[in-house]
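Student: take this sequence and fold it.
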Amino acid sequence: MASALFVIFLIISVLVTVFVDINQYKAEITQIVEQESGLKLEMNGELTLSIFSGIKFSANDIIPMTYENA
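Tutor: Prediction:
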């Protein structure tokens, strides 16, 4: 039973990482950051999501826009 659940979890993990494009949520992420902090966030790089060996989210080339450079 436990091995069957593990296999199902593994299959779902692979499907999520292959078919879900996390980059489609860039606008929503920047909007939430602005609402919560009052600062604009510029996201130029790619976002990645990994479920293997723990849930990992990474983002590259992110620029927090302060009031001086906004």
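Student: okay, and the residue nearest the centre of the chain sits in which element?
Tutor: Nearest residue to the geometric centre of the chain (C-alpha atoms, centre = their mean): residue 57, 4.9 Å. Assigned by DSSP states H and E, residue 57 belongs to strand 56-59.
Student: so which bits of that strand are buried?
Tutor: Neighbour counts over strand 56-59 (16 or more other C-beta atoms under 10 Å) mark residue 59 as buried. To be clear about C-beta, it is placed using only N, CA and C from the backbone, and glycine gets the same treatment.
Student: buried stuff in the following helix or strand past that strand?
Tutor: For strand 56-59, the succeeding helix or strand toward the C-terminus, using DSSP H and E, is strand 62-65. Using 16+ other C-beta under 10 Å as the test for burial, strand 62-65 gives no buried residues.
Student: quick one: strands adjacent to strand 62-65?
Tutor: strand 40-43 (antiparallel) (DSSP bridges).
Student: what's downstream of the helix ranked longest in the chain, the next helix or strand?
Tutor: The longest helix of the chain (DSSP state H) is helix 2-19. Following helix 2-19 in sequence order, the next helix or strand is helix 26-37 (DSSP H and E).
Student: residues of that following helix that come out buried?
Tutor: By 16+ other C-beta under 10 Å, the buried positions in helix 26-37 come out as 26, 29, 30, 33.
Student: what mean pLDDT does it get?
Tutor: Taken as a whole, helix 26-37 has a mean pLDDT of 90.
Student: centre of the chain to it, how far?
Tutor: Relative to its chain's centre, helix 26-37 lies at 13 Å (C-alpha atoms, centre = their mean, to the nearest Å).
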